[in-house]
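1. Turn this into a model:
(one chain, ligands or ions: 2)
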Amino acid sequence: MRTDHQPVRIALFAPDGRMGRAIQSAIAEDPTFALDNDNGDVLVDFSSPDALRSSLDRAVSAGVPLLIGTTGLIDEHDALIAEAARIVPILKAPNTSVGVALLADLTERAARILGPDKWDIEIVEAHHNRKADAPSGTALHLGAAAERGRGGTSPVERGRDGTGLKREAGAIGYSAIRGGTVAGDHDVMFLGPDERLILSHRAENRAIFARGALAAARFLRGRPAGLYSMRDVIDAA
Ligand SMILES: NC(=O)C1=CN([C@@H]2O[C@H](COP(=O)(O)OP(=O)(O)OC[C@H]3O[C@@H](n4cnc5c(N)ncnc54)[C@H](OP(=O)(O)O)[C@@H]3O)[C@@H](O)[C@H]2O)C=CC1
Ligand SMILES: O=C(O)C1=N[C@H](C(=O)O)C[C@H](O)C1
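-> Numbers count the residues shown, from 1 in each chain. Ligands and ions are numbered 1, 2, ... in the order given. You can find the predicted model right below:
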């Protein structure tokens, strides 16, 4: 029987990816974690949507919790995740940083207070030139937070190009910039009559995601089956 005093053993589904390497560095800096790709207490998946079935199968057959950091997932993936979460604990987080968890709360609150009638919302994100998906999972997560704040679904406008593109009332717009080594910038812009409110987060490097992933793994160890979020991790801290 393992206890809370023993290091949390992390199994990395994709140890050689950028996030896999960042998490290995974070483990090396924190003696309360250990890398154990064969017998981990928690399986951590930052890979690609194509790999999701395989990481879910691995977590379910080993009977261990799964942290999913992969983005670009669609409804079909969410259905698979919900099914597996009946058997093992699963935490899905498109962004594991503390700052983005707070940004999502602030976005929801601002959207609730400002309302959809006078204030347009645009979400702008920038990432490195190797990123595969757009808009980022975080941008979509922030858009969902804004929708919750407004109390309903909003039309989506992505990647404008052309003519006759006047903004639809109440829409949430998404723009993605790709280049260089940007670790992850997100701006939620509330554009109103004669004023703008801009909530911003800047990831300076991947260490913030890696440390957040370890905090999520610690939270998951020993939890009952179910679907969890970074909100739960922060509330439990
Ligand atoms: N939640 C968060 O906070 C964050 C989420 N992310 C997300 O994490 C994911 C990974 O990002 P990043 O590490 O930068 O990407 P990388 O491309 O650097 O790494 C992806 C890794 O996944 C492996 N992989 C891809 N497809 C499969 C598959 N079908 N089966 C097994 N392994 C596979 C790759 O192996 P190979 O090279 O051999 O194909 C590679 O090792 C992305 O979706 C990204 O958006 C990123 C940063 C933070
Ligand atoms: O691919 C990345 O790098 C990142 N992906 C996540 C996303 O899509 O939101 C999180 C972070 O912004 C870095």
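
2. Can you point out the buried residues in stretch 145-153?
-> Within stretch 145-153, the residues scored as buried using 16 or more other C-beta atoms under 10 Å are Ala145, Ala146, Glu147, Gly149, Arg150. Where C-beta positions appear, they are placed from N, C-alpha and C, glycine not excepted.

3. so can I have TSV of those residues showing secondary structure, pLDDT and distance to Thr32?
-> As requested, the buried residues of stretch 145-153 are arranged in TSV below (DSSP: H, G, I helix; E, B strand; the rest coil; pLDDT from 0 to 100; distance: C-beta to C-beta, whole Å):
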residue	secondary structure	pLDDT	distance to Thr32
Ala145	helix	98	31
Ala146	helix	98	36
Glu147	helix	98	37
Gly149	helix	98	36
Arg150	helix	97	40
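
4. from those residues, which is closest to ligand 2?
-> Comparing these against ligand 2 with C-beta to the nearest ligand atom places Ala145 closest, at 13.2 Å.

5. Surely the closest one and Ala110 touch.
-> No - between Ala145 and Ala110 there is no contact under C-beta atoms under 8 Å: 9.5 Å.

6. what sits against the residue nearest to the spatial centre of the chain?
-> In the chain, the centroid-proximal residue (C-alpha atoms, centre = their mean) is Pro94; its distance is 1.4 Å. The contact partners of Pro94, by C-beta atoms under 8 Å, 6 or more residues apart in numbering, come to Gly69, Thr71, Ser136, Gly137, Thr138, Leu140, His141.

7. cool, and Leu114?
-> Residues near Leu114 by C-beta under 8 Å, 6+ apart: Phe190, Gly192, Leu197.

8. what's near enough to touch the last one?
-> Residues counted as contacts of Leu197 (C-beta under 8 Å, 6+ apart) are Ala110, Leu114, Trp119, Met189, Phe190.

9. same question, Asp185
-> Taking C-beta under 8 Å, 6+ apart as the criterion, Asp185 is in contact with Val124, Glu125, Ala126, His127, Ile177, Ser200, His201, Arg202, Ala203.
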